[in-house]
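Participant: Just a sequence and a predicted model for now, questions to come.
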Amino acid sequence: MNKDELVTAVAAKTGMTKKTAEETVNAVFDTISDVIRDGDKVTISGFGTFFLAERAARTGRNPRTGEEVHISARKVPRFIPGKKLKEMAK
């Protein structure tokens with residue numbers, strides 16, 4: 001499912017117009033992005049937790065040349081599924 005299909009499904013389930021559903025979905029995604037960018041967590045009970053994790057610096061290899069390359073430390077978005085979401089996948 002892509003974003004457009006998600007918007008269509010939300011509109012169908014809620015009775016919203018597709019435009020209103022798209023604004024709602026975008027607002028949710030933007031809010032989650034803003035919160036984790038600021039270093040906070042977003043926990044949705046039963047669904048999961050979004051947060052920003054630090055990835056340590058490391059040494060990698062260029063696959064073409066085989067030479068070592070330094071990969072600097074950085075922050076990456078992460079998601080840990082909640083208990084209900086994990087159980088649905090079984």
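Facilitator: That came in fine, so what should we check first?

Participant: Need the pLDDT of the residue of the chain most remote from its centre.
Facilitator: Ranked by distance from the centre of the chain (CA atoms, centre = their mean), the top residue is residue 65, with 33.2 Å. Note on residue 65: pLDDT of 94.

Participant: How far away from the center of its chain is the lowest-mean-pLDDT helix or strand in the chain?
Facilitator: Using mean pLDDT, DSSP states H and E, the weakest-scoring helix or strand in the chain turns out to be helix 83-88, at a mean of 90. Here helix 83-88 is found 17 Å from its chain centre; the criterion is CA atoms, centre = their mean, to the nearest Å.

Participant: Give me the residues contacting it.
Facilitator: Applying CB atoms under 8 Å, 6 or more residues apart in numbering, the contact partners of helix 83-88 are 46, 47, 48. Where C-beta positions appear, they are placed from N, C-alpha and C, glycine not excepted.

Participant: just to revisit the earlier point, the residue farthest from the centre of the chain: which element?
Facilitator: Taking DSSP states H and E as the definition, one finds residue 65 inside no helix or strand.

Participant: picking that back up, list just the nearest of the contacts of helix 83-88 to residue 69.
Facilitator: Nearest to residue 69 out of the contacts of helix 83-88 is residue 48 (CB to CB; 33.1 Å).

Participant: which residues sit against stretch 35-54?
Facilitator: Contacts of stretch 35-54 (CB under 8 Å, 6+ apart): 31-32, 73-85.

Participant: what about burial for these, which qualify?
Facilitator: Listed as buried from the contacts of stretch 35-54 are residue 82; burial here means 16 or more other CB atoms under 10 Å.

Participant: Please flag which of the contacts of stretch 35-54 sit within helices.
Facilitator: Using DSSP state H, the subset of the contacts of stretch 35-54 located in helices is 31, 32, 83, 84, 85.
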